[in-house]
Structure formats: C-alpha cells, structure tokens
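Colleague: What follows is a predicted protein model with its sequence.
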Amino acid sequence: MTAPTYQYVDLPDASIVTTKALLTARENIVDTVAARAMMCIHGNAGFGKTLAVNTCLHELEDTRGEEVCRVTFRARPTARAVRYELFETLCLPGEPPRHPSEFDRLLKTALSERPRTFLVDEAQWLNGEAFEYFRYLWDERATQIAIVFVGGAGAHTVLRREPMLSSRIFIWQQFTRLTPEEVLDVVPLFHPVWEDADPGDLTFADEQAAHGNFRAWAQLTAHMRTALERTGRPRPDRDLLRWAFSRLA
C-alpha cells in the first residue's frame, strides 16, 4: 500500500473515488467515533475496506485532531499478545508488566488519559479471547476509546459467536462488489488510463477479470498502464485488455 492513498499496488496518478461504500463508511465511522463505540466493517478481500477506513480515519485525524492507533494481528493472538501489541502501539515507557492484572491496570490508565480510536485491521485473525479482551478494555468506564474492527467475512462470523461483544457493536457494515453501474461511474475517475475508455470495454474488463473487485481493478490498471506505455496506443482496447487478463490468470 502506498502511504498517501493506501492502495494495494503503487499506482501513480490514481485517485480515491467516493463509492457508495466509502461514503457509508465515512458516516458510520464518524458516528462511531463520536459515540466512543465499536463497529465492524467486513467483507471479502479486495473490496476496498482498508482503503476506505484509512481514508476516513485520516480525515478525522486532519480535521478533528482524532488520535488514531492502528493495530494488525496475525495467527490467532492471545490476550497476552494483544496486551503487548497495545503496549507498543501506545508507546508506553519502561518494560511491559509481567503479571496480567498489573498489565491491565497500566493499559486502562493509559486509555483513560485522552480519547483515542483504534483501527484493528485483519480482524478475521482474532479469536474469541482476543475480541473479548478488547471488549474488556472498552467496557471500563474510564477508558475513552472507539474501536473499528476491519476484516474478512471471518471477522463477522467470529464476532457473532461472541454475544457479549456482538451485542455491543454499534454499527455493522458489509463491503460488497462494485455493481456494473458503479464500475462505469467510478473506474474512469479512479485512474487516467480509463478516462477515455469505451464503456463497453469497461464492462468487458469487469465481466472477464475484475468482477467488481477493486483490488483486481487496481492490478488491471497497473498492467494497462504498462500496455499503453509500451504500445503508444491512446486508450485501452480489447487486444490490450486480453493481454492484461493473461497476467492475472
């Protein structure tokens, strides 16, 4: 991901486009942060969840001075692993406490100092124990935290299995594929290589390769950019699209 736009691949001249999902996420995140609540954004890989959430939170950082802490876990972390990750993310001084009760008091004290929003990405890797620990911290009256869980369909499934936490989720939002109509609206705005593309070619590319998946569109755009540079052609055509498809197969 490139830092300014959180794109999956490095795409010079790419723009963030305001899809319906991104606009909905912006509204949902603003409301969740204002309520100091928890929300879950979920959906299959490549649908633009991470880009949308990071874009919206970056706006809150710039316009409202919101302090955003980004954490990502792998391989079913335990509560102990969550404690250590939060210790590092919060840049707490000294050595991490050895005893869980002492560690918990330290984290609760730190999280009570000022409002913060936690972005927990790749939440499908969290198990019930890890989710429960976030609930435990959030439930503390003194802590001033909002939490945005972002992950694949597995995140939604695991959260729903944890009634203590699931009942506390303020907003659920599912990201889905771009519709054919959205593809025609947003892809020409996404990158200059598609500005003058024939709508029929955009539909062909989506049906044959991208399938409404924004990550696939980003990959296809990178290959099409290369094709146009090498051939000198003014815009995408079926021959160039088929060449790009061959790289995605």
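Modeller: Noted; the coordinates are in hand.

Colleague: Now the residue most central in space within the chain: phi and psi?
Modeller: The structure's the chain has its C-alpha centroid closest to residue 50; by Cα atoms, centre = their mean the separation is 1.5 Å. In terms of degrees, to the nearest 10, the main-chain angles of residue 50 are phi -60, psi -40.

Colleague: measure it to residue 64 for me?
Modeller: 21 Å (Cβ to Cβ, to the nearest Å). (C-beta placed from N, C-alpha, C; glycine too.)

Colleague: Then residue 33?
Modeller: 8 Å.

Colleague: Please identify which of those two sits among more neighbours.
Modeller: Using other Cβ atoms under 10 Å, the more surrounded residue of residue 33 and residue 64 is residue 33, with 23 against 10.

Colleague: Mind telling me what element that one is part of?
Modeller: Applying DSSP states H and E as the criterion places residue 33 in helix 20-35.

Colleague: With just CA atoms, put the longest helix along the chain into PDB.
Modeller: Longest helix in the chain, counting residues (DSSP state H): helix 214-231. In PDB, the C-alpha atoms belonging to helix 214-231 read as follows (Å, rounded to 0.1, in the frame of the first residue of the first chain):
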ATOM      1  CA  PHE A 214     -11.400  -3.000  -6.500                       C
ATOM      2  CA  ARG A 215      -8.100  -4.800  -5.800                       C
ATOM      3  CA  ALA A 216      -8.500  -6.600  -9.200                       C
ATOM      4  CA  TRP A 217      -9.200  -3.200 -10.800                       C
ATOM      5  CA  ALA A 218      -6.000  -1.800  -9.300                       C
ATOM      6  CA  GLN A 219      -4.000  -4.700 -10.600                       C
ATOM      7  CA  LEU A 220      -5.600  -4.500 -14.000                       C
ATOM      8  CA  THR A 221      -4.900  -0.700 -14.100                       C
ATOM      9  CA  ALA A 222      -1.200  -1.200 -13.400                       C
ATOM     10  CA  HIS A 223      -1.000  -3.700 -16.300                       C
ATOM     11  CA  MET A 224      -3.000  -1.500 -18.600                       C
ATOM     12  CA  ARG A 225      -0.700   1.500 -17.800                       C
ATOM     13  CA  THR A 226       2.300  -0.600 -18.800                       C
ATOM     14  CA  ALA A 227       0.500  -1.800 -22.000                       C
ATOM     15  CA  LEU A 228      -0.300   1.800 -23.100                       C
ATOM     16  CA  GLU A 229       3.200   3.000 -22.400                       C
ATOM     17  CA  ARG A 230       4.700   0.100 -24.500                       C
ATOM     18  CA  THR A 231       2.400   0.300 -27.400                       C
END
